[in-house]
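S.K.: next one to model:
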Amino acid sequence: MPILRSVSALLFSGLLLSACVADPAMIKAGLAEPPAPELAPDAAYAAIEDEGLVLPAVPVEKVPDEFQRQTVYFETDQPRGTVIINPADKHLYLVTGRNQALRYGIAVGRAGFEWSGEALITERKTWPTWTPPKEMIERDPKLEKWKDGQPGGLTNPLGARALYLTTDGVDYGYRIHGTPEWFSIGRNASSGCIRMINQDVIDLYARVKDGAKVIVLNADGSMPSGLNLPPPQPKPPEVPPVVVIPPIIILPPPDFTI
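M.R.: Below is the predicted model:
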């Protein structure tokens, strides 16, 4: 029987980098080494009970170290609390101090669904309802059953938490959310949303605030100059209706003996 951890046990506040960090200029010049990353303990991915639901443990041994939660040296001029997403290396960084960050592994949009730009976290939900947009239903008619929303739960695609993103007050449908498919982390797998391991999104949810800035970098890792949205996805070809041809009824030959 796995030991269930409380959500608060996942917040490893003791793993923040030391305040004594080498000067970035010296690191760039090769005169100093950046602090080594510190992985979260395995207990961070243990089974937990959360709002009456038992979230299963993640097999840490099957998750590459680079996609496990860890504290890292991260050179940036962004203020503490900013979320920076690098789709190229499949990492989400939460700035925790001067050139310090918590780094999480993520899954990002697959080909044709990539985007970049700045947004704000304007809403946060626990065990959110997932409502597929009509465009997604058109691509996958099996999702029609959830057109009015799939209740939150262990199999819900949004996982244990969702952070809702808006740009200039407009919701383009992008979220940072958990996923029951922990094995998709490190891949281009979503329709543009940022997926996280459920235990990681619970940790991030507890650390960020409403109104926090989110920066999604360009594919080459550079800062975006504006909001760059993917082109509209082509609609699936319409399937012509099936025409049912009634069977041919062969009548018996006429009887001329009468």
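
S.K.: thinking Gly211 is in contact with Ile121, fair?
M.R.: Yes - judged on CB atoms under 8 Å, Gly211 makes contact with Ile121 at a distance of 6.7 Å. (Each C-beta comes from the backbone N, C-alpha and C, glycine too.)

S.K.: of these two, who's got more company?
M.R.: Ile121 (21 against 9; other CB atoms under 10 Å).

S.K.: for the helix or strand harbouring that one, buried residues please.
M.R.: Assigned by DSSP states H and E, Ile121 belongs to strand 117-126. Neighbour-count burial for strand 117-126 flags 117-121, 124-125 (criterion: 16 or more other CB atoms under 10 Å).

S.K.: by contact count, what packs against that strand?
M.R.: strand 161-166, strand 213-216 (3 or more CB pairs under 8 Å, 6 or more residues apart in numbering; DSSP states H and E).

S.K.: packing partners of the following helix or strand past the longest one?
M.R.: For strand 161-166, the following helix or strand on the C-terminal side (DSSP H and E) is strand 175-179. Applying 3+ CB pairs under 8 Å, 6+ apart, we find strand 175-179 packed against strand 161-166, strand 194-197, helix 198-207.

S.K.: hey, which of those is tucked in deepest?
M.R.: Comparing the helices and strands packed on strand 175-179 by mean neighbour count (mean count of other CB atoms under 10 Å), strand 194-197 comes out on top with a mean of 28.

S.K.: list the helices and strands it packs on?
M.R.: Using 3+ CB pairs under 8 Å, 6+ apart: strand 194-197 touches strand 100-109, strand 175-179.

S.K.: is it true that Arg195 touches Tyr104?
M.R.: No - look at Arg195 against Tyr104 with CB under 8 Å: they stay out of range, at 10.4 Å.

S.K.: I'd like to know how far the nearest residue to Gly81 once chain neighbours are set aside sits from Ala36.
M.R.: Closest residue to Gly81 in three dimensions, ignoring its sequence neighbours and counting by CB to CB, 6 or more residues apart in numbering: Ala212, at 5.4 Å. Per CB to CB, to the nearest Å, Ala212 is found 27 Å from Ala36.

S.K.: neighbour count winner among these two?
M.R.: Neighbours per residue (other CB under 10 Å) separate Ala212 from Ala36, with Ala212 holding more: 19 against 10.

S.K.: quick one: contacts for the more buried one?
M.R.: Going by CB atoms under 8 Å, 6 or more residues apart in numbering, Ala212 touches 81-83, 120-121.

S.K.: then Val83?
M.R.: 92-95, 121, 176, 204, 208, 212-215.

S.K.: which among those gets closest to Thr129?
M.R.: Ile176 (16.2 Å; CB to CB).

S.K.: nearest to Glu181, of the helices and strands packed on strand 175-179?
M.R.: Closest approach to Glu181 among these (CB to CB): strand 194-197, 7.5 Å.

S.K.: residue closest to the middle of the chain?
M.R.: Arg195 (1.5 Å; CA atoms, centre = their mean).

S.K.: identify the bridge partners of that residue.
M.R.: Per DSSP bridges, the residues bridged to Arg195 are Ala107, His177.
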